[in-house]
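1. can't give you the sequence, but here's the structure:
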């Protein structure tokens with residue numbers, strides 16, 4: 001009896017310790033309840049329209065706000081990390097602060113969503129925030145229904161295998177009714193769902209021409225007066241595959257005024273994970289699948305352990321007699337303990353295997369991380385012109401070509417392969433594929449910017465520069481557009497002004513404040529003194545930008561400067577020579593193969609290479625020409641380029657081009673007829689001067705959308721030779737409906753990059769001759785303006801090649 005009592009006491013003592021720890025956790029949770037509730041409410045109320053990475057930054061700022069009672073409302077500026085700062089005295093927080101919040105926000109977030117501890121990750125995932133946003137809009141107190149933007153990226157992620165339980169990425173799994181906005185029975189289905197209390201998702205809102213009846217249904221039932229309320233569980237979600245930046249031009253303003261936008265685009269980490277499953281070779285995919293399988297097995301074991309603990313707790317709580325008098329307690333306890341100990345051992349063993357696999361997948365993860373960084377550079381470039389839109393799906397397709405190196409797996413030692421490391425070769429191929437593919441999509445000045453951004457990305461990828469240094473080089477040390485957010489905006493002291501008075505006269509006085517700012521970075525300490533001591537050496541070194549990329553600083557005091565630090569110095573002293581400096585950096589870093597230069601590069605001046613480039617793309621093509629301002633001009637005319645491309649691809653058959661130019665009257669039926677004829681007979685249909693059109697006809701857009709869907713789904717309803725072109729001006733590219741833009745190939749009609757490319761293009765196209773028969777009948781814009789909203793306008797031309 002004593003032995004049994006001792007055994008029971010020992011077992012109970014273990015459980016008591018666990019229960020006390022759990023009780024303390026509950027006490028801490030209750031202390032953090034107000035702060036956590038405030039944070040989750042702020043997430044639901046404010047974070048919807050922001051992209052995922054901004055959400056993460058705002059969450060960090062809110063945590064700081066709860067602790068200190070104040071925050072810097074400006075976005076985080078990583079350039080400040082370059083400077084050494086003394087820690088300022090922490091001010092006493094105002095009354096009511098600090099507000100206690102959980103150290104791990106994923107705990108209260110998971111509790112709100114009904115997730116258990118074992119289902120949560122170590123960090124707050126972007127998808128978990130999305131789940132909270134979707135959950136929040138199902139509550140009756142929300143004032144507006146949500147509009148989910150960029151659902152295409154959300155769905156692309158949903159098609160992958162992810163180890164996190166409880167995160168359903170596929171949109172259709174979240175709702176009880178999914179209906180298209182173009183469904184003729186949309187209103188009836190919404191009324192039916194409101195009565196039954198269903199969760200409804202209305203897709204393709206960009207197709208919707210809102211009626212008064214539909215706008216009335218967008219009003220939350222609790223806000224309606226003198227109207228019978230809908231079922232309290234009814235909730236309505238709208239969605240579009242358009243990115244958030246296109247909503248203002250492609251979604252009707254009356255709809256945007258009634259909804260809250262929720263951006264479903266992927267975060268930087270999610271893009272890396274998506275590329276991790278898309279880019280590596282089959283051998284590496286096998287390893288990654290094993291890693292994901294181990295993670296899933298670990299979660300399943302954690303779930304079993306959680307249930308065993310709950311079962312033991314229930315057994316003890318439901319016992320009506322003293323445990324010492326219960327003859328079944330000790331055997332039951334022994335079984336439960338043995339089961340839990342076995343599960344703990346299995347989990348411990350899985351953790352070891354996972355740690356080993358983390359080492360093995362380090363190499364496969366490195367290349368997708370570079371691909372994600374290259375995509376981010378491309379997105380930064382897209383801000384330079386409204387005509388640019390580069391989808392993640394097409395970018396992944398471009399990157400996949402760089403991984404088709406047969407016989408060279410990414411981690412050869414894992415599979416017993418004795419070949420050399422293929423990672424540097426794949427890295428060069430990734431960069432080459434990127435530049436070759438997007439060269440015809442960019443104006444020549446912007447292509448130089450892309451090469452510079454790619455160079456900086458490679459430096460950061462190889463850990464040769466920090467993010468702060470990269471931003472300082474791109475944006476400078478001070479931001480003229482936002483004076484309040486300057487990195488170092490304090491006026492120079494008298495001693496600092498005296499030190500700059502001895503600078504050599506070849507450094508202009510207006511550069512002196514920037515040099516003082518630069519010298520505050522530890523790596524540049526003593527720069528002004530060195531410039532004053534050795535002015536001739538510095539002047540010779542800074543005479544040519546190529547010396548910055550290839551040679552170290554001649555003065556010992558700063559011979560330690562890295563490539564980007566030397567470039568930052570050169571840019572600071574000679575700010576007007578950035579173009580030559582950028583070219584020197586890209587030449588030094590980008591060791592590109594031969595296909596990125598010469599007659600094989602696809603661009604508007606090289607129709608033969610461009611025609612081969614277009615073969616891979618079956619969707620619409622948007623050809624933009626530069627706006628007529630400054631030095632924005634082109635020696636290649638859009639329609640002439642299209643005819644040359646048709647000549648290159650025609651081979652032995654006759655190619656017919658039909659042009660619909662928005663410069664004369666043209667009725668809807670004739671336009672639809674021309675479209676159907678081109679689709680059936682394999683003609684090229686060109687919508688010319690789209691920037692002159694104020695509004696597209698709704699039926700024409702619907703017909704074009706159906707056509708694009710058929711091409712995208714590879715339905716055999718479209719002639720294989722059919723091509724659909726849109727010609728527009730650079731700064732008015734939004735005149736083309738967004739639902740067409742996101743599936744279109746964006747091309748630019750620009751002059752060659754240099755004389756070598758110009759001569760190469762002239763030699764390549766000197767043999768192309770053809771005749772054209774064009775019928776013109778253009779009206780001036782002011783004479784036809786009242787008809788624009790009713791009839792599309794065109795000039796027709798048919799060309800046989």
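-> That came in fine, so what should we check first? Please read these numbers as outputs of a predicted model, since none were measured by experiment. Numbering: from 1, shown residues only.
2. Now residue 237: phi and psi?
-> Phi and psi for residue 237, reported as degrees, to the nearest 10, are phi -120, psi 140.
3. Name the nearest residue to it, sequence neighbours excluded.
-> Using Cβ to Cβ, 6 or more residues apart in numbering and skipping the chain neighbours, the partner closest in space to residue 237 is residue 201 (4.9 Å). For the C-beta atoms, the positions are set from N, CA and C on the backbone; glycine is no exception.
4. quick one: secondary structure of that neighbour?
-> Counting by DSSP: H, G, I helix; E, B strand; the rest coil, the backbone at residue 201 sits in strand.
5. Let me know how buried it is, in neighbour terms.
-> The number of residues packed near residue 201 is 20, by other Cβ atoms under 10 Å.
6. Need the three-state assignment for residue 702.
-> The three-state label for residue 702, taken from three-state DSSP, comes out as helix.
7. dump the residue contacts of it.
-> Residue 702 makes contact with 182, 207, according to Cβ atoms under 8 Å, 6 or more residues apart in numbering.
8. pLDDT score assigned to it?
-> Among the per-residue scores, residue 702 shows a pLDDT of 87.
9. ok, the residue nearest in space to the middle of the chain to residue 376 distance?
-> Nearest to the mean C-alpha position of the chain, counting by Cα atoms, centre = their mean, stands residue 266 at 5.7 Å. According to Cβ to Cβ, to the nearest Å, residue 266 stands 11 Å off from residue 376.
10. Pretty sure residue 454 sits against residue 435.
-> Yes: under the criterion of Cβ atoms under 8 Å, residue 454 makes contact with residue 435 at 7.1 Å.
11. Show me the common contact partners of the two, please.
-> Common neighbours of residue 454 and residue 435 (Cβ under 8 Å, 6+ apart) are residue 590.
12. Where does pLDDT dip in the stretch 401-550 of the chain?
-> 405-422, 479-498 (pLDDT under 70).
13. The stretch 251-400 of the chain: strands as residue ranges?
-> 259-263 (DSSP state E, counting those that start in this stretch).
14. Where does pLDDT dip in it?
-> 280-283, 320-326.
15. For the stretch 601-750 of the chain, give me the ranges with low pLDDT.
-> Scanning the stretch 601-750 of the chain residue by residue, the ranges that satisfy pLDDT under 70 are 628-636, 651-653, 663-666, 714-716, 733.
16. Beyond whichever strand or helix holds residue 26, next helix or strand please.
-> According to DSSP states H and E, residue 26 maps onto helix 2-31. On the C-terminal side of helix 2-31, the closest following helix or strand by DSSP H and E is helix 33-46.
17. what comes up buried for that next one?
-> Across helix 33-46, burial judged by 16 or more other Cβ atoms under 10 Å covers 35-36, 39-40, 43-44.
18. and what of stretch 373-388?
-> 373-375, 377-378, 381-382, 385, 387-388.
19. Which positions within stretch 63-72 qualify as buried?
-> 63, 65-67, 69.
20. contacts for that stretch?
-> Residues contacting stretch 63-72 (Cβ under 8 Å, 6+ apart): 35, 38-39, 61-62, 90-91, 93-94, 96-101, 105.
21. out of these, which one sits closest to residue 688?
-> residue 61 (49.1 Å; Cβ to Cβ).
22. what secondary structure does the residue lying closest to that closest one once chain neighbours are set aside sit in?
-> Nearest residue to residue 61 in three dimensions, chain neighbours excluded: residue 71, at 4.9 Å (Cβ to Cβ, 6+ apart). State at residue 71, reduced to three classes by three-state DSSP: coil.
23. Same check on residue 726?
-> strand.
24. Now for it: which residues touch it?
-> Contacts of residue 726 (Cβ under 8 Å, 6+ apart): 620-623, 686-687, 690, 736, 740, 744.
25. quick one: which of those residues is nearest residue 233?
-> Residue 233 has its nearest neighbour among the contacts of residue 726 in residue 740, at 37.1 Å by Cβ to Cβ.
26. Could you list every helix and strand that whichever helix or strand that closest one is part of packs against?
-> According to DSSP H and E, residue 740 maps onto helix 738-741. Judged by 3 or more Cβ pairs under 8 Å, 6 or more residues apart in numbering; DSSP states H and E, helix 738-741 is in contact with helix 247-250, helix 698-712.
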